[in-house]
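Asks: Would you be able to build a 3D model of this:
(chains A and B)
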There are 2 protein chains.
Amino acid sequence: MKRGAMTAVQTAIATDYERIFGPKKIAIVGVSTEGAGFGSGIFYALRAIGYSGEIFLVNPKGGTLQGEKIYTSVDEIPGTFDLAIIAVAARAVPSVLEACLRKGAAGAEIISSGFKELGTAEGIDLEDKIVRIAARGIRVIGPNCFGIYCPQSGLTVLPGPDLSRDSGPVGFSSQSGGMAVDFANTGKSIGLTFSKVISFGNGADLRETELLRYFGDDPQTGIVTMYIEGIQDGDDFFCALRSTARKKPVIVFKGGLSDAGARAVSSHTASMGGSRMIWQAIVRQANAIQVYDMSEMAQTALAFAMLPQHPCRQISVLGGGGALGVAAADAAESFGLQIPAFAPELAQQIDALLPKPGSSPGNPVDVANPFVLPEVLKKVLYLAAEDARIDLQIFVSLLSHYKNLAVKNGCALAQVMPYRELADDFKEVMRQTGKPVVIVLPNPRRGLDHLDVVAALTEARQVFIENGIAVFDDLTECLRAIGHVNAYYGGRAHE
Amino acid sequence: MKRGAMTAVQTAIATDYERIFGPKKIAIVGVSTEGAGFGSGIFYALRAIGYSGEIFLVNPKGGTLQGEKIYTSVDEIPGTFDLAIIAVAARAVPSVLEACLRKGAAGAEIISSGFKELGTAEGIDLEDKIVRIAARGIRVIGPNCFGIYCPQSGLTVLPGPDLSRDSGPVGFSSQSGGMAVDFANTGKSIGLTFSKVISFGNGADLRETELLRYFGDDPQTGIVTMYIEGIQDGDDFFCALRSTARKKPVIVFKGGLSDAGARAVSSHTASMGGSRMIWQAIVRQANAIQVYDMSEMAQTALAFAMLPQHPCRQISVLGGGGALGVAAADAAESFGLQIPAFAPELAQQIDALLPKPGSSPGNPVDVANPFVLPEVLKKVLYLAAEDARIDLQIFVSLLSHYKNLAVKNGCALAQVMPYRELADDFKEVMRQTGKPVVIVLPNPRRGLDHLDVVAALTEARQVFIENGIAVFDDLTECLRAIGHVNAYYGGRAHE
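Replies: Sure, this is the predicted structure:
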C-alpha cells in the first residue's frame, strides 16, 4: 500500500496497513488483573464487539484475566503479532514499544497519556523517544489516543464495545479520542457506516496528513472525514488535501480556530492551531468541505453516503410544520439551492390531491395536515418529479403528530404511524423517477411522556435508512448538507 | 390592562385580555358531527388538556358531539361567552364573527384559512371584512392560525391536547401555527414553561406589536419570545421592542430574512419581510436578542428562565468528552465569555481529586473518565467556585457512557447512572456558593439499541430541571445561550 510523505526521522520502511487495521494477532500491554484500567477496558471491548483473532495480554505481574493467560513481558509472547495496544504508564512506554518492534509488530496504538500534551520536559522527551523508535519500523497511533475502530476486522476504540460491525464508506481520523467515540456512536445512530475510525491523539508518528493520504488510497473509504486540532506541516497537508479531494469528498472539522481555542489545542494534543481565515482559504482551494461541529460533519457525511455523486441544485420540498416554506426558502438561499415554483398546470394537479383548506400546492408543497396518507404523498412526489428541473425531493414529515391520533384512538403509536408504507412508497418513487427522496424527521416531543414517540421515530429512521432514504432531524441542516455535496461535485466538475 | 397602539380602523374600546386568555365560556363555531376537522379537534384538545369552563358548540346542522349539544347558530347560545373559536369556511367567517360581536364576546380565534394568504381578491376582501368587524369591539386572533395556549386557564392551541398545564415565565407569539405548537412541545421537553403561546397567523387584528406590548405589561410573562415573518409598522414595532426590552428580555426569531424567504413569507402569512441588515440593527438597538432558529430560541429562553438576572462572563467548565477544552475555548470566544485559568495552588488542589492519567486540572477541568463519582465532582465544583472570578459553572456530563458499565455489569442503566446524586450534589453547590451550575448532557447514542440511554437521559434531564439546574444538549449551544443572557443584562446596565 502506498506510503504518505515521510517526516525527517522516518525511514522508508513500507507501512503494513493491512496488518495494522486488520490484525490477526493483537498484544494488549498493560492489562490489570483487577479488570479496571484502559488495557482491560480495550480487552473487554474487543471481546464484546467480537474480534476473532488471537489476543495476548501482558502485565509484569502475570496471572489471568477472564480465563486468559497474562504474559509477564512482550518478549514472552510466542511468535510475532501484528498490532500492539499499549496502556502502560508513560514512562514505561518506550521500552514496551521497543519490545514490540523487536517482535516484528507492524504497528502500536499507544492509549497512555502523559507525553507532549503535559508540556513538561519529561513528557516531551518521552514522546521524542517514541518518534525515534517508530522511525525504526513500527508505526505508532497516539500516544494519548483511543485507538482504532475497524468494523471489518473487529478492532474497536476505547471504550467502544457497542459499536457496529457493519462496514461502510466513511473514514474518520481524529486528534480527539472523545470525538472519535462520539462520532462512531453518532454514525451508528443516524445510519453512517465506517471503513475505519482512527483516534491518533498527539500524533507522534501517524497523523492527519499521512492518514488523509491513506484514506485517499483506501478502496474501502469513499468519504474522508477528519477532526483536526493542529497540523504538523501546512504545505504537505494542503497537497494531501488537494490530491485526496480530487478522488473523494474530504470533510474537515477544525477545532481551535479562535485564539482561545488555539491555546486549548496546545494543552489537549500538543499541536499548533491556525487562523480561521487561512483554514477556510486552504480548505476551499482544495475543494474540501469545511464543517463547524460534529453534527454538521455527520450530516454532511450522510448526505455524501446516500445521495448521487453530482450536484442536486433544484429541489422540491413537500411537507408541513412550523413555517415550512419560509424556513425552506431562507435555507435554500443560504446553501445555494433553488426551490423553483411549479408551472400552474402542475400545481393544479398537485392541488387536486391535497386536503383543504390550509394546503398550498406550489413548491414547497404544504400538505397542511400531518395525517395525509402515504399513497397521496407518493402521488404528489410523482407529479413533482415530472418537473424536469427538480433534481431531488425532500419530505418534511410530521410523524410525531401521530401521537395525538394514537391517544385519541386509544391505541399504540406503532399501529397508526405509517412509516413502513412511507418507506415502501418513497423507495418506489426513487426507483421510478431516478430522483432521490430525502426525509426530514423533526421531533419536538422528547419528554418523559413522549418516549414512545422517540422510540417510534428511531424505528422509523432505521426503516427509512434501510430503504436507502437519508434522514435528517432538521430542514436547515438537511439543506446545508446537500449544499456541501453540491459544492464538492460542482468543484470537481471545474477541475 | 393597557392597550397597544391603534391601527387606523380600530376604535378605542379597551381590550379585555382577561376574558380572551382566561375565558369562563367558550364557543366553538364549526364543529363537525363526524368529529373530524379543526373545530372538533380543538374541542377534543380542550377536553384533553382539562379546560374547566363552559363550552358551547355550534354547527348549522345541530345534533350532539361527545354528548354535548350542538347549537345551530351563535345567536342561539344562551347568554354571552368570552372567547369564540371559529373554524368555519372562510366565506362564512364574517357573519359568524359579527354574531360573536353581537353576543358580547371579548375575542375570537379564527382557525380558518382562505384569506389574505391566498393572494386572491376574495381572500383579501374577506380579511378586510374581519378587520372592520374587529374594530367595532371584538379582538381577533388569526385568521389562518392555531389559536391560544394558556396553561393557567386550560386554553390550548390546535392540536395541543398534550401540552403542559404548568404555567411559567415564557410568553410566545408566533405568526406560524406550526411553530407555536412545535415551540410549546419543545418547551415541555426541555423544561420551559409558558404564560401564553399565541399563534396569530395572518394577524388581521392582534399581531406582533400589540402582543409584544401586552407581554411587556403582563405580570405573568417574564421572558418574551416571538417568531415573526413580517411586521405591519416598522416604527411602531421598534418602539414596542425597545420599551418592552427595557422591562424584560425579548427574544426575536425572524423568518424570511433571505430574498427567497421574504417571498415565501408573503404566501404563508401575507406579510412583508425585511432585509437581514435592517433587522439585525433594529434588534440590537432595542437591546433585544436575535436568534436564528427555534432551537436557539428555546435554549435562550431556558437560560433566561434559569440563570440569574445579571451577566455571568467568567465561567468554569468541568467534564469530559470530545475535545472539551478546545470546543469550550472556541465557543467562549465566539460568545464573549472567558474561561480563566485557575491559580496554580487551586489547580493543584483540584488535581489531587482527579483520576490519573489523562485528567487536566486547569480550567476547563477535564475529568478524563466518565465514571468519576458525584461526590468528587462536587468537591471540584466547590474548589472552582473559590476562584472569585468565576460567575457560573458548567458540567459537561458523560452520563451516556454508563450504558457500557451497565452492560458490563449486566444490570439496568437506571441502577448505575447517578443522576439523582448529581442533582442533589449540584443543588447543594449552587446553594452554598451562590453560583449557578449548568449541565450539558450530550448523547451520541440514539439508535434502537440505545433507547434505554435516551430514556435514562430524559429522566435525568427532568430531575436536574426540577432541582433548578438548566440542561443543554451541547456545549456550544449552552455557551451561546449564556452569551445572549450576558448581552441582555450588559445592555440593561448601560441604559
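Asks: mind giving me the domain ranges of chain A?
Replies: Following automatic domain parsing, one finds the domains of chain A at A:17-303, A:309-493.
Asks: The last one: end-to-end distance?
Replies: From the first residue to the last, domain A:309-493 extends over 11 Å; the measure is Cα to Cα, to the nearest Å.
Asks: Repeat that for the longest one.
Replies: With Cα to Cα as the measure, the first residue of domain A:17-303 is 28 Å from its last.
Asks: The domains of chain A into CSV, with extra columns for mean neighbour count and mean pLDDT?
Replies: Backbone N, C-alpha and C define where each C-beta goes, glycine included. Formatted as CSV, the domains of chain A follow (neighbours: other Cβ atoms under 10 Å in any protein chain shown; pLDDT from 0 to 100):
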stretch, mean neighbour count, mean pLDDT
domain A:17-303, 21, 93
domain A:309-493, 20, 94
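Asks: Any chance of JSON lines for those domains, columns distance to chain B?
Replies: As requested, those are exported to JSON lines (distance: least, Cβ to the nearest Cβ, whole Å):
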{"stretch": "domain A:17-303", "distance to chain B": "3"}
{"stretch": "domain A:309-493", "distance to chain B": "3"}
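Asks: Which one, of these, ends up nearest to B:Leu399?
Replies: Checking those against B:Leu399 by Cβ to Cβ gives domain A:17-303 as the closest, at 13.4 Å.
Asks: For A:Ile70, which three-state class applies?
Replies: Going by DSSP: H, G, I helix; E, B strand; the rest coil, the secondary structure assigned to A:Ile70 is strand.
Asks: Surely it and A:Glu76 touch.
Replies: No. The criterion here is Cβ atoms under 8 Å, and A:Ile70 misses it with A:Glu76 at 9.9 Å.
Asks: Need the overlap of contacts for these two.
Replies: Listed contacts common to A:Ile70 and A:Glu76 are A:Val58; contacts here mean Cβ atoms under 8 Å, 6 or more residues apart in numbering or on different chains.
Asks: my guess is A:Glu208 meets A:Ser174, correct?
Replies: No. A:Glu208 is not in contact with A:Ser174 according to Cβ under 8 Å; the separation is 9.4 Å.
Asks: Name the SS class of the closest residue to A:Ala303 other than its chain neighbours, please.
Replies: Nearest residue to A:Ala303 in three dimensions, chain neighbours excluded: A:Ala481, at 3.8 Å (Cβ to Cβ, 6 or more residues apart in numbering or on different chains). When classified by three-state DSSP, A:Ala481 comes out as helix.
Asks: what's near enough to touch A:Ala481?
Replies: A:296, A:299-300, A:302-303, A:472.
Asks: what do A:Glu208 and A:Ser174 both touch?
Replies: A:200, A:226.
Asks: can you put the contacts of A:Ala481 in JSON lines and add secondary structure?
Replies: Below are the contacts of A:Ala481 laid out as JSON lines (three-state DSSP):
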{"residue": "A:Glu296", "secondary structure": "helix"}
{"residue": "A:Gln299", "secondary structure": "helix"}
{"residue": "A:Thr300", "secondary structure": "helix"}
{"residue": "A:Leu302", "secondary structure": "helix"}
{"residue": "A:Ala303", "secondary structure": "helix"}
{"residue": "A:Phe472", "secondary structure": "strand"}
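Asks: I'd like the residues you listed written out as CSV, with distance to B:Lys379 added.
Replies: Output for the contacts of A:Ala481, formatted as CSV (distance: Cβ to Cβ, whole Å):
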residue, distance to B:Lys379
A:Glu296, 36
A:Gln299, 39
A:Thr300, 41
A:Leu302, 42
A:Ala303, 45
A:Phe472, 42
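Asks: May I have the secondary structure class of the closest residue to A:Phe371 other than its chain neighbours?
Replies: The spatially closest residue to A:Phe371, leaving aside those adjacent along the chain, is A:Leu405, at 6.6 Å (Cβ to Cβ, 6+ apart). Secondary structure, three-state DSSP: A:Leu405 is helix.
Asks: Adding distance to B:Ala89, write the domains of chain A out as TSV.
Replies: Converted to TSV, those look like this (distance: least, Cβ to Cβ, whole Å):
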stretch	distance to B:Ala89
domain A:17-303	42
domain A:309-493	8
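Asks: Report the contact partners of the closest residue to A:Val265 other than its chain neighbours.
Replies: In this structure, A:Val265 finds its nearest non-sequential neighbour in A:Gly256, 3.7 Å apart by Cβ to Cβ, 6+ apart. Contacts for A:Gly256 (Cβ under 8 Å, 6+ apart) come out as A:229-230, A:262, A:264-265, A:273-274, B:326, B:329-330.
Asks: cool, and A:Glu54?
Replies: A:24-26, A:81.
Asks: Please identify which of those residues is nearest to B:Arg139.
Replies: The nearest one, if we look at the contacts of A:Glu54 relative to B:Arg139 and count by Cβ to Cβ, is A:Ile26, at 73.8 Å.
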